[in-house]
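In: return a 3D structure for these sequence lines:
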Amino acid sequence: MAKKKPFALRLNENTMKALEKWASDEFRSTNGQIEWIIHKALKENGRLKN
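Out: Okay, here's the model as predicted:
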């Protein structure tokens, strides 16, 4: 398993609420949802090595 590097992320209140709701709907943590969104975007744009 790859080591995870912590970092701060600042989001406006409406974005954070929408993200928390989406995460809840998908039965993920907010952090897990952010990771999933980033991973999906990287994969779809050919930026992620296999």
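In: how much space between the residue sitting nearest the centre point of the chain and residue 21?
Out: Nearest to the geometric centre of the chain sits residue 34, at 1.1 Å (CA atoms, centre = their mean). Residue 34 sits 13 Å away from residue 21, going by CB to CB, to the nearest Å. All C-beta atoms are positioned from the backbone trio N, CA, C, and that covers glycine.
In: equivalent analysis for residue 12, please.
Out: 15 Å.
In: so the two - more neighbours on which side?
Out: Taking neighbours as other CB atoms under 10 Å, residue 12 and residue 21 compare with residue 21 leading, 12 against 8.
In: helix, strand, or coil at that one?
Out: On the three-state scheme (DSSP: H, G, I helix; E, B strand; the rest coil), residue 21 is labelled helix.
In: contacts for the helix ranked longest in the chain next, please.
Out: Among the elements of the chain assigned as helix by DSSP state H, the one spanning the most residues is helix 30-44. Contact partners of helix 30-44, identified using CB atoms under 8 Å, 6 or more residues apart in numbering, comprise 9, 19-20, 22-23, 26, 28, 47-48.
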